[in-house]
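>>> got a sequence here, can you build the structure:
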Amino acid sequence: MKRSLRVATSGNIYSTIDPPLRYVPLAILFWILNITTVGPEAAYITHLYSTMMSYVVLPATLYLLVRETIDRKAALLVLLGVISWRLLGIGLNAYIHGYWMYDYTIPFIFIALTIAHRTILEDRQHHRFLLAAGTGFAVGVVGLNEYILGAYTAGIVAVLFIFHNRIRELILTGSIGAVMASSLMFMSSYAKDFIISSGDDRLKLLTVTAIPGNVIDIITTPAYMLPVGLVVVAGVLYHWTRSPPTSSGVLVAACIVLGIGWHSRFVLSSGWFALLAQYVGQYIVLALAVQQVVDHVDGLVKAHLEELIERGYSSDGRL
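Numbering: from 1, shown residues only. Model (predicted):
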């Protein structure tokens with residue numbers, strides 16, 4: 001709230017040490033409503049904005065991603081699941097740590113993945129390049145809101161495009177993202193020094209360690225058991241149905257990249273990268289699990305109907 005007010009009153013997105021786009025939406029609201037100081041009004045607007053992003057915008061963009069990559073039925077079930085999570089506080093750490101800024105960023109990740117999915121499926125080259133440019137812009141927006149989540153999103157897009165041999169589209173997407181990242185050059189010297197020093201501290205935490213002795217304690221915490229359970233459900237159902245998870249494979253690419261980050265907790269000194277990967281990955285895993293459940297149930301219903309029809313014909317030659 002304080003940093004959003006600073007951006008609003010100064011008109012300078014580089015007035016904080018954080019990623020330059022993180023506070024822009026809230027700062028715009030403060031500017032429109034002429035709120036210039038910390039107080040009840042600023043707190044109310046901040047709470048309202050955070051609630052809307054977490055409980056409305058994030059589920060809505062996830063719905064769009066699942067509807068685009070799977071189908072409307074799965075999207076509605078995923079939306080129901082996320083709303084249930086929100087009502088129960090599952091997977092929502094902002095209550096404890098105040099990390100609302102990640103819910104500000106995750107919707108842009110879903111938008112980037114949706115555009116990347118459409119880029120893969122588009123047959124017309126001109127439109128495909130436009131979508132690739134849109135993907136690069138969306139990835140850039142994510143990165144300018146949260147650096148690590150931007151890196152994860154870029155990794156997902158890279159894996160997806162390379163798998164489908166969309167190299168020119170990948171180059172265009174990367175170029176657009178790089179141009180947007182170049183805006184960081186305009187940050188203050190203090191902010192740059194902070195990024196370098198904090199980045200150096202994070203790199204020191206990348207030292208590989210032996211698998212911790214409390215590995216059982218880690219994987220049996222609710223934060224790990226929920227996504228692990230969903231992965232098991234999706235894997236078992238996929239073994240039965242062999243239903244391909246989305247036509248482009250964008251959700252699978254997301255699970256691969258985020259899964260690596262998520263499991264880094266077991267070999268790296270820092271759990272920070274795993275935490276951020278799980279913030280996003282829990283929704284992707286939910287979507288894949290729901291898709292496999294829907295396909296499995298549809299397969300059972302179809303097989304049952306075919307059996308009834310076959311029995312009807314075999315009894316007297318007609319239904």
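>>> switch to C-alpha atoms for all contacts and neighbour counts from now on
Fine.
>>> so where's the stretch 1-150 of the chain shaky on pLDDT?
Applying pLDDT under 70 to the stretch 1-150 of the chain flags the ranges 89-99.
>>> check the stretch 201-319 of the chain too.
If you take pLDDT under 70 as the line, the stretch 201-319 of the chain has these spans: 201-246, 265-271, 296, 298-300, 303, 306, 310, 312-319.
>>> and the residue nearest the centre of the chain?
The chain has V280 as the residue nearest its centroid, 3.9 Å off, counting by Cα atoms, centre = their mean.
>>> check contacts around that one.
Counting by Cα atoms under 8 Å, 6 or more residues apart in numbering, V280 touches I106, L258.
>>> 7 Å instead, please
Each residue near V280 by Cα atoms under 7 Å, 6 or more residues apart in numbering is listed here: I106.
>>> need the nearest residue in space to I120, chain neighbours excluded.
Once flanking residues are discounted, I120 sits nearest to S248: 6.4 Å by Cα to Cα, 6 or more residues apart in numbering.
>>> wait, isn't that neighbour in contact with E122?
No - the criterion here is Cα atoms under 7 Å, and S248 misses it with E122 at 10.6 Å.
>>> quick one: which of those two has more around it?
Just comparing S248 and E122: by other Cα atoms under 10 Å the higher neighbour count belongs to S248, 21 against 14.
>>> quick check: the gap between that one and I115.
Distance from S248 to I115, counting by Cα to Cα, to the nearest Å: 11 Å.
>>> same thing with A287?
Distance, A287 to I115, by Cα to Cα: 17 Å.
>>> who has more neighbours out of the two?
Between A287 and I115, A287 has the larger neighbour count (other Cα under 10 Å), namely 29 against 23.
>>> would that one count as being in a helix?
Yes - applying DSSP: H, G, I helix; E, B strand; the rest coil, one finds A287 inside a helix.
>>> please name the residues that touch the nearest residue to it once chain neighbours are set aside.
Of all residues not flanking A287 in the chain, V78 sits nearest, at 6.0 Å (Cα to Cα, 6+ apart). V78 is in contact with L286, A287, V290, counting by Cα under 7 Å, 6+ apart.
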